[in-house]
Structures are given as C-alpha cells and as structure tokens.
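Enquirer: Quick one, what's the 3D model for this:
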Amino acid sequence: MGESHTETNFRTDQETWRVRLRSADCAKQVLGAGVLLGDGLVLTCAHVIRIPGTDEHLPSVTVEFPGTGGAVGTGLRALVEPLHWVPRADDHSGDLALLRLAGPPPAAARATTLHRLPTIWNRRVHFAGYPSRITGGKWSEALIKGNGGPGDEWVQIDPVVEADTLMRRFSGAGVVDNRTGRVIGIVVSKLDSERDGAHYRHGYMIPTATVIKHLQLVRDRYATGRQVVPPTLTADPATPGPDRGFARWLTRWLAGEDTMAAVEIAFVREADKDAALALHTTLTLADRERSPRTSVAGPVPNGHVGVPRPGSLDLAVDVRGKTPAQVAEEIAEGMGLDGPGPQPVPERIAADALPLTTVIEGVDDAVRPVETVELLHTLARRGGRLLLVFRRHDSPALDRTRELLLDPDHPERRLERIGLRIGLLTRTEELARDLRRRAQSCVRPLPSISRYAPDLELKAVRLAADPERGATSFLVKLSYVERTVEAALLEAETGHRTLTRQLARHQELRGLLDAYGARLAAHQISEAVAREQREAQQLLTGGPCEPAEAEGAVDRFVRAARTALEELPGSPEEAPR
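Expert: Just a heads-up that it's a prediction; the model follows:
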C-alpha cells in the first residue's frame, strides 16, 4: 500500500476528547488513556482497568480531561457500561471496555467518533499517552504498517523516531490519522524485541473495525466511514456456500498469492445462487469488522477451508444500478477522500487514490458500465488490486476491461496457473490414494478419493488449443475451469487430511496400548484387566475398525491398567499418558 502525499497541519490542542484514567482510590495512580465519545461514554482498553490477576475490572475509575485546562487530580467517576466489557482473551484478542461518566464532561471537552479507514502502509498517525511523572502527557507519531496481532485484530504502528517510542500507560490513547484528523483506533500494546544485536520497538493499535466488532454501542452510534463490505454483499459467515472452489480461488486472490494477477475477473451469473453465496461469504470473512474469527489459531467457522485473513479486503462496492458518479463517491468514502474539497471526486481519486484491495460486483449492471470500468482503471494505475465480478459473458464492459485493465498476457498466465494447480491436484490425489491403501487394513469407514485430475488435464489441453483463445469468451472459460480445479483440489486435500488424521490416531492408540501392556507385563493382572486389553488389542490389530470404537476400548483398558498399577505395593511411577 502507498504512502500519503500530504499531511494535515493538525492542532493537538483541539483534541479535547482525549482523557486520562486514574484509579479511584486515594493513590490516584495513572492507569492509561481513553477516548471521549458521545453521551458521556469513554472508550479504553480492558487491561487498563483490569484488576491484576483476574478478568474482572475495577469497580470505578476517575476520568480526567487534560486537554481542557482542568487541574490535575480532578475528574469524574466512571463505571463500566453493562455488556461492554471485553477482557483480553488468552490470545490477547478483545481487550476493550466502554465506561460511562457519572456526570457531564467539562464544557470544553468535545466528544469524537471512530472512523473506519483502510490499513495504509506508512500512513502517519499521532497519539498521546500519560507515562508516570509526565503530568501533561507525551505525544508520539507513528507509521502504520500491516495487519497483525491476535487473529489480525490489530494494526502495527512503528514510531517515527526514537523519541516517539511507546511507553507504559499509552494504552487506550486515541490514534489520529494525520491527514484527515480522524480518530481511527486506540493504542493497545507496545513491543520491545532484540534481533541480530539490534533493538526494535513497535506498537499496535486496535483499529475502528475491531472496536465496533466487539462493542455494539460504538458500532451503532459512534462510528463513521463506509463499511468495507456493504450489506448487499454480505452473508452469514457461519453458512459456507456450496461453491467452495470459487471461495477458495477468491481467498487465494485476497491473500495476494504470487501467481494471481493484480487485476482479475470472475463471473457470477444472476441465477447462480451458489457462486453468489460463496462470493458474499468470503467477502464477509475478509472484513475485519464482520469476521467472526478472533484468533488465527482458533477454529474456523463451520468447517471453512482456506478462510481469508480478516482485514485482507479493503473495499467492496456493489455497482449495480449506480452511475459512475455514485460509484466514485463510494470509492472516495472508502478511501477517506470524501468531504469538501477543491477538486471533483473523480479528479480527487485520480490524484490521491490509495492502492487498496478492492472487489467490484455487478460491473455490467452499472448504469454506464463502460464508464465505470474507466473509473476503475484509475484505481489500477494507482497500484490497487482489483477483482471485477461480471454477470453476463457478452457485456461491452468486459471487452473494455480486457482492453484497459488486463495485461496482454493475462490469458496465457491464467492458463499456466491452471496447469500448475492441476499438477498439484494430481500429486495430492496420488498421495491420498496411497494413504487410503495403507489405511484399509486398520480403519473404517474411509473417505473416497476421486480422480478428477485426468479429466481436468484434458480440459486444460483443450483450452490451450481453443480457437477463441484471443477472444473475451476465452476468459469466461478460463474462469470456470479454474474454479473447478480449485473445488477438486479442496476435495482431494480434505480426503488426504482425513486419512492422515485417522492413521495418526490409530498409531497413537496402538502406542498407548503397547505402553500400558509393557508396564503390566511384569505383574499379575486380574482377568477383568486382561479382558479389556484383549478387546482393545483385537480391535486395533484384527482388521479395520471405527476410530470411536477403538478409542473407547483403549480408554477402558487404560483406566483399568492405571487402577491396577496404583494398587501395586510401593509408590507407582508416573503412568504414561
């Protein structure tokens, strides 16, 4: 992503929404910072007001307004707003709290809102924290880097100079975009690390999208800016669509894989509900604000394979029924280029468009589709990554897209990409079939392993010899074949993964059975224990068995063996587990 071209001459003395949090006891210890929102609410990080060693918060805190000229040590009591306490989870996700003031803030204090803004590489931001012994606070500037933190909920911010290094009690501080003056998140963490003898310091912020994902009240009342994915392009992320091949292809494009082009096209016919659902579900999962994932290590919703990273999508626009001017307004708002200015919006986009990852749906159903494509060309020229989704195969906008946005060698590169994926499919199917042969003697039931690769290889050969290779219709064929390959590859990978897991579990049960058998070999055991051992042995060595049945038999034997070992004279050694 690109660096901003200009900076606003912001006035930090006008940011009277900044607050300092202190303990409410007689010690009046500084805890951290916060942001004054409307209606007497204050946003901060949960760990700022957490009781050490617990997931509980302090009964109350004192909120001060250092930017309004109030005396140090004076402030308002505040309590945690019910249902808006999100303690830091084991993986550090969440970590948000909303406080309600016991009285009206000072007249000079001006509440603010949180603004949605894409993660823009090297964009300058500023914030203020309240380290000990620095009564007025400490200002710092930082550069926005990439997504990071738990489940990609955070955004990395690196200090501009050494003096800007984050310190303790910066947590909860409002982060302001220098260019627009908008609050785009709050500081959450600092990190000091050593690498190759050098000391590195950086921090993290919780962006607006993550805040409003966790805090309903903030989303409903105190958030501004365009949502990354509009309601018309969303779907319940817990309900994966049947077109998993398309979802997988889109996920790979969002991830920026090397073989994927910066500008791609896809087709979702109006009657193809499966593809539409796959598209909308994947876009929803890629939106940090809407994605249900809170940890990269956690389970993915409802068995999704290849779920996109939250925050991997910057902007999605539904252009159906919209004029180029309306589309330009939406793009400008999504980029933070909206509002009054000396230039018309299209010229503003041409001059300052951010290099975002953008999905455009319904290009051929725009009011003037060819002009819309020409507007989108501006985004590509500014370094943006674009996916254009069409409904019809004969749209004039598709021809214009091929002329303006696609590289001349795009069909060849896509055909080569298909060949590489078919090669991977061939190897995966072969490995899965080999695993299945090995598992047949010990595990049942086994997943079936299809052989799609030979048919798809034939399709690729036919594509290479297609007489329409230079026509727009050839792009349509490439798109559908590529999605078919992805679906077949997903199926083969799932089968391989299932077989690997089944064989590993069978070996694990055999090892457990042998380990306890060896420990009991030197002792006399009861008939009951011997019977449990024989039953488990028979299941694991007497032919294919169901994993659940074998697990039950081994579990019964292990429990009986532990009891028998514990009853032996002397102190028993720690039993194997």
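Enquirer: how far away is the nearest residue to residue 253 once chain neighbours are set aside from residue 250?
Expert: The shortest distance from residue 253 to any non-neighbouring residue, by Cβ to Cβ, 6 or more residues apart in numbering, is to residue 260 (4.8 Å). (Glycine included, C-beta is placed from N, CA and C.) Using Cβ to Cβ, to the nearest Å, residue 260 is found at 10 Å from residue 250.
Enquirer: Look at residue 424 and tell me its secondary structure.
Expert: Following DSSP: H, G, I helix; E, B strand; the rest coil, the label given to residue 424 is helix.
Enquirer: Please report the distance of the closest residue in space to it that isn't next to it in sequence from residue 429.
Expert: Counting by Cβ to Cβ, 6+ apart, residue 424 lies nearest to residue 489, which is 6.4 Å off, once chain neighbours are set aside. Counting by Cβ to Cβ, the gap from residue 489 to residue 429 is 9 Å.
Enquirer: ditto for residue 441
Expert: 21 Å.
Enquirer: More neighbours: these two, which one.
Expert: The neighbour count for residue 441 versus residue 429, taken as other Cβ atoms under 10 Å, is higher for residue 429 (23 against 10).
Enquirer: So that one sits against residue 492, correct?
Expert: Yes - with contact defined as Cβ atoms under 8 Å, residue 429 counts as touching residue 492 (4.8 Å).
Enquirer: Mind listing the shared neighbours of the two?
Expert: Common contacts of residue 429 and residue 492, defined by Cβ atoms under 8 Å, 6 or more residues apart in numbering, comprise 449-450, 452.
Enquirer: Any chance of JSON lines for these, columns neighbour count?
Expert: As requested, the shared contacts of residue 429 and residue 492 are arranged in JSON lines below (neighbours: other Cβ atoms under 10 Å):
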{"residue": "449", "neighbour count": "22"}
{"residue": "450", "neighbour count": "14"}
{"residue": "452", "neighbour count": "19"}
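Enquirer: Please identify the one among these that lies nearest to residue 287.
Expert: Nearest to residue 287 among those is residue 452, at 32.0 Å by Cβ to Cβ.
Enquirer: Now do the contacts for that closest one.
Expert: By Cβ under 8 Å, 6+ apart, the contact list for residue 452 reads 425, 429, 488, 491-492.
Enquirer: cutoff 6 Å now
Expert: Counting by Cβ atoms under 6 Å, 6 or more residues apart in numbering, residue 452 touches residue 488.
Enquirer: For stretch 383-394, the averaged confidence score.
Expert: For stretch 383-394, the mean pLDDT works out to 94.
Enquirer: contacting residues around it?
Expert: 262-270, 355-361, 363-364, 380, 398, 401, 476.
Enquirer: Report the buried members of those residues.
Expert: The neighbour-count test (16 or more other Cβ atoms under 10 Å) marks 262-268, 355-361, 363-364, 380, 398, 401, 476 as buried among those.
Enquirer: sorry, back to before: in strands only, show me the contacts of stretch 383-394.
Expert: Among these, DSSP state E puts 263-267, 357-361 in strands.
Enquirer: sec struct for the closest residue to residue 533 other than its chain neighbours, please.
Expert: Leaving aside its sequence neighbours, residue 533 sits nearest to residue 557 (Cβ to Cβ, 6+ apart; 5.2 Å). Three-state call for residue 557 (three-state DSSP): helix.
Enquirer: residues near residue 557, how many?
Expert: The tally of other residues near residue 557 (other Cβ under 10 Å) stands at 24.
Enquirer: can you check residue 458 too?
Expert: 11.
Enquirer: Correct me if wrong, but it is in a helix.
Expert: Yes - the assignment for residue 458 (three-state DSSP) places it in a helix.
Enquirer: low-scoring pLDDT stretches of the stretch 151-300 of the chain, where are they?
Expert: Along the stretch 151-300 of the chain, segments meeting pLDDT under 70 span 163-164, 166-167, 190-200, 240-241, 293-300.
Enquirer: one more time with 90
Expert: 151-152, 158-170, 179-180, 189-203, 236-242, 270, 291-300 (pLDDT under 90).
Enquirer: quick one, helices of it?
Expert: Counting by DSSP state H, counting those that start in this stretch, the stretch 151-300 of the chain has helices at residues 208-214, 216-221, 244-254, 273-286.
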